[in-house]
Structure formats: structure tokens, C-alpha cells
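Undergrad: coords below, sequence missing:
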């Protein structure tokens, strides 16, 4: 293999060109190659390709590089639809140079490898297409733009604070594009987030920066400037799932793909099969998406305890679930609240919930839940939460994750506690990127 710009046997420097034969896909939107035995993580390449790659970062253990010239192209390679995608440009999309079927195969391969390496689980994975984005574009309903000092709007380059100015983001939902954020100057701002509901058309713009000057946008929006006062009501968008409206305030968490919330809700309920009168836990509940569906299934004789740490999300969840007396929304860190549930130190839980929990398990010290769903942030649940969930859960656990590595790690913890992966579904909730949404269903082994 010939090196261009780096002598054989000499450690390549940042900026050197290497000629590489690219191997398998790796986690994080890269492919794996080797230069004189050293691992090179290559962006903008596809498995099997021969490329010239420019070194962008070097460590003692590995190199990072961008494929700047494709010598032997994969049959899965396509022309990126966005003019801002490519080496050294916008870092938001990892796979615009791959066909959509190839993108899903790459994501499936990453999930399979992470399960095998971190959890010892052999599983064939199929990444399912979601509705409302057949070409992989125009799906992102929440886009946070960076702003340069001169007020130009763009997106960060990969592993950089540098801003790539753009005049349109092709994966942004048309409702975000219609605001015209990218085509304005935002002097004094540090970031601008455009939020739209695909269901209702509600729009919110969040502007950060103490001296931000807000230009006139192309359509009416609800505006949030700076850091709101704690507890202050915020402008919101209304989302719809299963004919129920959910209020999501400010930059609160909601699935960014317009088809994801409904598909995931249906998948979670189908996996858990909650029954009337049962007890369910919804951990990291956000605005109450899964708690609402669980509440409808367990009915007035059941109980759902929904746990969330973010104050604004808790307010939204309580508002969204106000018609369901069988649902108790508790504010607090999941690891702390779930410990209170398990060991009966439930001073913070609503009086309404406590008798039902005690009655359900005959007043025993160790509380239980028939089914549990958890949707943690990218860092995953971790060993402590997994241990509590494994002890509390009765029939089934549904684990929703956007990170294959932390999911695989936590599945290994569940395995240590006697729980087995029954099914795993993967959803292409982030086309053109390396991200994938996962639903793991566990049963007692």
C-alpha cells in the first residue's frame, strides 16, 4: 500500500495523505482501515473502497482521517444531495455519500458488532425505515444552528467548534426551513434552534446569546430569548401521538423524526403488552409519551409511575397526563427515585401512588412493577439503575436507546442480573447520519 505525504515507517502527521483500503464500518460514522498496523478511522468512505485520506487527528493508538479522493468506489456510493456535506465541511451528516439501503445495512452492522463485542450477544439486526421521509431528507423537526461572530448561521464541522455557513439544511423539516433561519444574520447570538411540530405546525425559535439581535423571520414563530427564568412558562409546540396531544416546552426532548414517536410508542406497547390493573414504570419519561400509552392500557385500576429529572419536562408531563389519575409523575434523578421505590423510602412520591404500590405487592418492603420502559440519554442507564430495574421488574423490560454501545453495555449488566434479550428492533430515525434508534425487549432468563 502506497503512502502519499508520509514516509514508510514514519508516524503520519496531521495533514498527511495516506492511500488506504477501507475495511468494516465502525461505530460513529467511520470505516476502519490500517496504516502499517495502526488503526485509522476514516470518514466519508465506505467498506471495500480504496481511498486517499487526509489525516485529521493522531493519537498514540489510532489516527483519524477524511477520505478526500476515492480511487475504487463502492457500488453503494452516491452523490451527496447536500452541497455542504463532505470532508472538512458540515459535520452533521455521516452517510450522505451512501444509498439509503446501504446506510441501513451499515447501521445494522454497527449494532451487531457492538452487541457481540460488549454484551456477547449474536443477533441479526434489520434497520427499519420510518414513515414521512422516503428520500431520507426533510425529517429533522428540531435543528440547532451555530452562529459565527459575524452573525452567519451554519453547523459545526466534525469534532470542531468551527462553523460551516449554510443557506439550507436538507435534512431539516420543511417547517424549519420555512422560517428562513439560515438566510438571516443573527448578530450577537451564539446559537439558534428552530423547532416545528410536524403534526400541528406549531413553531418555536430559541435564541441564545446575551446580546442577540433577532431578525424578522419568514413565518410567525414563538420566540424564546436567552436563558428563561427558572419555573417560567415557555412557548411550546403541540405534538400528536395516538390522537393525544402533548405539550413540549422550549427545547424539551421529543423525537426529531416525524414518524418516530408513533412508531416507538406502538412498538413499546406491543412489546410490553401491559394489562389492566398492572403497575408500570416509565423511567426518563420526558413529556410523558410512553406513560400516556401505558396509562391507557393499565386503566383506572392500574398505576404508572413516570420519573423525570428535568423540571420543565416534569411540568409538561403533568399537564399532558392530567386526565389520567392512574399516572403519577415524579421529579428526580432516576437512580434516586427508583431506589425509593424499591426500598419503600417513598417520601417524595404522591400519596395517591403509595397505597396502590403497597397493595399490589401485599405491603412487602420490596416494591415491584409488572413492566418497565426506560429511555435514558445517550450515556445509557448504567449499572446502578440496571440493578434496580432488574430487581423491580416482573414480566418485561423495554429499553429504548439511541446509542448501540451504551445499550450493549447495559444489556450485559442485565444479563448478569438474569435478564435475557428477547427481541431487538432498530429504526432509521436519523437518515443520512450514523445514529439509529433501538428498542430492546428483555425477559427473565
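TA: Done, it's in. Worth saying up front: this structure is predicted, and the values here are computed from it rather than measured.
Undergrad: where do the strands sit along the stretch 301-445 of the chain?
TA: 303-308, 327-331, 369-374, 393-401, 419-427, 437-444 (DSSP state E, counting those that start in this stretch).
Undergrad: the stretch 1-150 of the chain now?
TA: With DSSP E, counting those that start in this stretch as the criterion, the stretch 1-150 of the chain has strands spanning 3-4, 17-21, 25-26, 30-35, 38-43, 50-58, 62-72, 127-128, 142-147.
Undergrad: out of the ones you listed, nearest to residue 306?
TA: Set against residue 306 and scored by CB to CB, those come closest in strand 142-147, at 22.0 Å. Just so you know, the C-beta spots here come from the backbone N, C-alpha and C atoms, and that holds for glycine as well.
Undergrad: sheet partners, orientation included, of whichever helix or strand comes after that closest one?
TA: Going down the chain from strand 142-147, the next helix or strand is strand 153-156, by DSSP states H and E. Looking at strand 153-156 with DSSP bridges, its partner strands are strand 142-147 (antiparallel), strand 163-165 (antiparallel).
Undergrad: in contact with the closest residue to residue 185 other than its chain neighbours, which residues?
TA: Counting by CB to CB, 6 or more residues apart in numbering, residue 185 lies nearest to residue 151, which is 3.8 Å off, once chain neighbours are set aside. By CB atoms under 8 Å, 6 or more residues apart in numbering, the residues touching residue 151 are 185, 186, 187, 188, 189, 213.
Undergrad: and residue 151, what pLDDT?
TA: Residue 151 carries a pLDDT score of 97 in this model.
Undergrad: ok, back up a step: for the contacts of residue 151, which one is nearest residue 203?
TA: residue 186 (16.5 Å).
Undergrad: and the pLDDT for that closest one?
TA: You'll see residue 186 listed with a pLDDT of 98.
Undergrad: roughly how far does it sit from residue 378?
TA: Look at residue 186 and residue 378: by CB to CB, to the nearest Å, they are 28 Å apart.
Undergrad: neighbour-wise, which of the two wins?
TA: The neighbour comparison of residue 186 against residue 378 (other CB atoms under 10 Å) goes to residue 186, with 24 against 10.
Undergrad: was I right to think that one contacts residue 149?
TA: No. Contact criterion CB atoms under 8 Å: residue 186 and residue 149 do not qualify, at 10.8 Å.
Undergrad: need the longest helix for the chain.
TA: If you go by DSSP state H, the chain has its longest helix at helix 100-114.
Undergrad: what stretches of the stretch 251-400 of the chain score poorly on pLDDT?
TA: For the stretch 251-400 of the chain, residues meeting the criterion pLDDT under 70 lie at 343-367.
Undergrad: now the end-to-end length of stretch 221-235.
TA: Terminal residues of stretch 221-235 lie 10 Å apart, using CA to CA, to the nearest Å.
Undergrad: what is the rounded mean pLDDT of that stretch?
TA: 89.
Undergrad: how many neighbouring residues does the closest residue to residue 14 other than its chain neighbours have?
TA: Computed as CB to CB, 6+ apart, the closest residue to residue 14 that is not its neighbour in sequence is residue 55, at 5.3 Å. Using other CB under 10 Å, residue 55 has 21 other residues around it.
Undergrad: ditto for residue 49
TA: Residues lying near residue 49 (other CB under 10 Å) number 22.
Undergrad: kindly report the same for residue 69.
TA: By other CB under 10 Å, the residues close to residue 69 number 13.
Undergrad: now do residue 61
TA: Neighbours of residue 61 using other CB under 10 Å come to 7.
Undergrad: how about the helix or strand hosting residue 194: buried residues?
TA: Secondary structure from DSSP H and E places residue 194 in strand 191-196. For strand 191-196, a neighbour-count test (16 or more other CB atoms under 10 Å) marks 192, 193, 194, 195, 196 as buried.
Undergrad: over to stretch 403-419?
TA: Buried residues in stretch 403-419 (16+ other CB under 10 Å): 403-415, 417, 419.
Undergrad: again with stretch 327-345
TA: So stretch 327-345, judged by 16+ other CB under 10 Å, has buried residues 327, 328, 329, 330, 331, 334, 335, 337, 338, 340, 341, 342.
Undergrad: next: stretch 109-117.
TA: So stretch 109-117, judged by 16+ other CB under 10 Å, has buried residues 109, 110, 111, 112, 113, 114, 115.
Undergrad: same check, this time on stretch 290-310
TA: 290-298, 302-310.
Undergrad: and for stretch 389-407?
TA: Applying 16+ other CB under 10 Å to stretch 389-407 flags 389-390, 392-394, 396-407 as buried.
Undergrad: now swap in stretch 282-291 and tell me
TA: For stretch 282-291, by 16+ other CB under 10 Å, it's 282, 283, 284, 285, 286, 287, 288, 289, 290, 291.
Undergrad: tell me the bridge partners for the closest residue to residue 251 other than its chain neighbours.
TA: Leaving aside its chain neighbours, residue 251 sits nearest to residue 206 (5.4 Å; criterion: CB to CB, 6+ apart). For residue 206, the beta-bridge partners under DSSP bridges are residue 193, residue 224.
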